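Participant: coordinates only, sequence not included:
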């Protein structure tokens, strides 16, 4: 058994377990299909929980609850990617970023991501 077979077995196991398409677990596609949506969803839910303030006296509980909410949504993301991106980006702009300068910078970074990185993702092959 070589390294390629082991990585394919791991990808198959993760795909079956978490109901994520195998194509989303391949190297360059893992960035726009899993990593970026997970980070955006986690931060959006983190800011929502922080704004609600239910656990304001316990450090770190908002981050843990946010990842517990965001991680299972990855199984739904291939069917509703655009809706999750709009929700995450809108929530982060409204709740997560206070300064207008940083809101504009965040929007520019998202535009650069969608206009340059995602269309050219094949060039990130190692």
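Facilitator: Here it is on my side, so go on. If you're wondering where the values come from, they're calculated on a predicted model, not measured in any experiment.
Participant: so what pLDDT did residue 125 get?
Facilitator: For residue 125, the model assigns a pLDDT of 61.
Participant: how much space separates residue 88 from residue 25?
Facilitator: Relative to residue 25, residue 88 is positioned 21 Å away (CB to CB, to the nearest Å). Heads up, the C-betas are built off the backbone N, CA and C, glycines and all.
Participant: before we move on, what about residue 93?
Facilitator: Note on residue 93: its distance to residue 25, by CB to CB, is 29 Å.
Participant: what number of residues lie near residue 84?
Facilitator: 19 (other CB atoms under 10 Å).
Participant: report the mean confidence score over the strand or helix carrying it.
Facilitator: Taking DSSP states H and E as the definition, one finds residue 84 inside helix 77-91. Per-residue pLDDT values across helix 77-91 average out to 79.
Participant: same for that helix, what does it pack against?
Facilitator: Using 3 or more CB pairs under 8 Å, 6 or more residues apart in numbering; DSSP states H and E as the contact criterion, the secondary-structure elements in contact with helix 77-91 are helix 36-52.
Participant: so, low pLDDT: which residues of the chain?
Facilitator: Counting by pLDDT under 70, the chain contains low-confidence residues at 1-3, 77-79, 124-126.
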